[in-house]
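*Asks:* no sequence on this one, just coordinates:
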């Protein structure tokens, strides 16, 4: 699995990727091809590299070298096609040779900047001095390329005469008796020049072939440098936290960056969340509007960021490594394809059960069986909990069902807090009075706040009163 595939199903992760200030198309391609990491050593290496990049990004004494490296990344072009041609022994034309020379010049400059920053061991940019010298026989030291006379001594007299003949032709009219011979001589000189230039291109291509692997490595490492500096900037700007790898998971002050930005723009409060979970099932209850769905999405994004080698939006993060994240958090696309909400949901749940027999997953399921009748829905949730409790996959399930009869870990969203109310409540400000924090709750009941919130929001009085009587009657029957 690569990042490009994961962002298709995780809008939060897509938001993170969109906010990485990647300078080049090479960096963007490298980023989207980044693999999901499950080896602790690989993850620690990525975290170490970000830490080093953050340090130099903050160091004002190294600002010049840092800006120079970023500038070189802006100059970087993706020469995959050119290097593929080189690998297949296709003769490079003048444009491709110019691009290659420019590339080697950029890499060598970036290599010097990386050394000044102390990032040379991390970035491991190869020395492209030899291929640059091949394309710079006159030792100009600049990125421009030309088939220099020094490549073949026969070019000098041909080009000298060609300029003279072209100047002469410009002074002649077409009726002049010397016009046709002069034009023919120019044609012959151009043919001779082209033949020599083509031979030089073949020779240069053959010589550059010996440096093919080094050129490809340089392009890959420049792409990585682009990603690393972008991650360092994001880590600083968003105050991201380095994850610690453990046997269970814990996030302190977990933030959903996309939702936080939306709330800030709307002038709404955003509340970070503390949450911890391990293998087996963690059941989360809470009233509507309590943020349970957002919590699952936030956990999914944080876990994905961590296992793609990034820091995460928390003040503390302990992650347990999983093979993948599996979510069932609603899917309008399935409904558009003709599947009902229940059909889509039950297929996903069944798939999660099957996959956890083969892999260790982080399973996130939002209110399973909420769209079917309560008796069967409750039975489905009880059975799901029973099965997933025995799997070595951390599973988080939100639900509105009570009396599930399970001893699994239970957390409840604290919910609406009337003591926080100091102004009239309306749909625009009600989130200010909801406490989204999670508290342990080993009772087998779920909060019943829907009618209270409906009443506070000014819902039709008859509806609220009648619904309240129905609840009392049903509880009496129980």
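*Replies:* Structure's in. What do you need? Quick caveat, the model's predicted, so the values are computed rather than measured.
*Asks:* what comes up buried for stretch 385-397?
*Replies:* For stretch 385-397, burial by neighbour count (16 or more other Cβ atoms under 10 Å) applies to 385, 387-388, 391, 393-397. Glycine gets a C-beta too; all of them are placed from N, C-alpha and C.
*Asks:* quick check: mean pLDDT across that stretch?
*Replies:* The average pLDDT for stretch 385-397 rounds to 93.
*Asks:* Stretch 369-382 now?
*Replies:* 86.
*Asks:* just to revisit the earlier point, with secondary structure as added columns, please give the buried residues of stretch 385-397 in TSV.
*Replies:* Shown next, in TSV, are the buried residues of stretch 385-397 (DSSP: H, G, I helix; E, B strand; the rest coil):
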residue	secondary structure
385	helix
387	helix
388	helix
391	coil
393	coil
394	strand
395	strand
396	strand
397	strand
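*Asks:* quick check, nearest of the residues you listed to residue 273?
*Replies:* Closest to residue 273 out of these is residue 396 (12.4 Å), distances taken as Cβ to Cβ.
*Asks:* tell me which residues form a beta bridge with that closest one?
*Replies:* residue 282, residue 364 (DSSP bridges).
*Asks:* and it, how far is that from residue 249?
*Replies:* 10 Å (Cβ to Cβ, to the nearest Å).
*Asks:* With residue 381 instead?
*Replies:* Residue 381 is 22 Å from residue 249, by Cβ to Cβ.
*Asks:* so what secondary structure elements neighbour the host helix or strand of residue 259?
*Replies:* Element membership of residue 259 [criterion: DSSP states H and E] is helix 257-266. Counting contacts by 3 or more Cβ pairs under 8 Å, 6 or more residues apart in numbering; DSSP states H and E, helix 257-266 is packed against helix 11-18, helix 292-307.
*Asks:* Following the chain onward from the lowest-mean-pLDDT helix or strand in the chain, which element is next?
*Replies:* When each helix and strand of the chain is scored by mean pLDDT, DSSP states H and E, helix 332-336 comes last, with a mean of 45. Downstream of helix 332-336, the next assigned helix or strand under DSSP H and E is helix 341-355.
*Asks:* May I see the buried residues of that next one?
*Replies:* Across helix 341-355, burial judged by 16+ other Cβ under 10 Å covers 342, 344-346, 348-349, 352, 355.
*Asks:* Tell me the predicted confidence for the nearest residue to residue 455 once chain neighbours are set aside.
*Replies:* Spatial nearest neighbour of residue 455, excluding adjacent residues (Cβ to Cβ, 6 or more residues apart in numbering): residue 464 at 4.9 Å. Among the per-residue scores, residue 464 shows a pLDDT of 71.
*Asks:* Then residue 186?
*Replies:* 94.
*Asks:* Who are the contact partners of it?
*Replies:* 162, 165-166, 169 (Cβ atoms under 8 Å, 6 or more residues apart in numbering).
*Asks:* Mutual contacts of residue 396 and residue 249, please.
*Replies:* Here residue 396 and residue 249 share the contacting residues residue 277, scored by Cβ under 8 Å, 6+ apart.
*Asks:* ok, of the buried residues of stretch 385-397, which one's closest to residue 406?
*Replies:* residue 385 (4.8 Å).
*Asks:* any low-confidence regions in the stretch 151-300 of the chain?
*Replies:* Within the stretch 151-300 of the chain, the ranges that satisfy pLDDT under 70 run 287-290.
*Asks:* What are the boundaries of the strands in it?
*Replies:* Per DSSP state E, counting those that start in this stretch, the stretch 151-300 of the chain carries strands over the ranges 244-245, 249-254, 273-277, 280-285.
*Asks:* Each with direction, which strands does the shortest one pair with?
*Replies:* For strand 244-245, the pairing partners within the sheet under DSSP bridges are strand 316-319 (parallel).
*Asks:* Can you name the residues in contact with the strand it pairs with?
*Replies:* Under the contact criterion Cβ under 8 Å, 6+ apart, strand 316-319 has outside partners 241-246, 248-253, 302-303, 306-307, 312.
*Asks:* Would you mark the buried spots in it?
*Replies:* Those would be 317-319, for strand 316-319 by 16+ other Cβ under 10 Å.
*Asks:* can you tell me the helix or strand for residue 410?
*Replies:* strand 409-416.
*Asks:* now do residue 137
*Replies:* Per DSSP H and E, there is no helix or strand for residue 137.
*Asks:* how many neighbours does the nearest residue to it once chain neighbours are set aside have?
*Replies:* Setting aside the residues directly before and after it, residue 137 is nearest to residue 150 in space (Cβ to Cβ, 6+ apart), at 4.6 Å. Neighbourhood size, residue 150 [other Cβ atoms under 10 Å]: 11.
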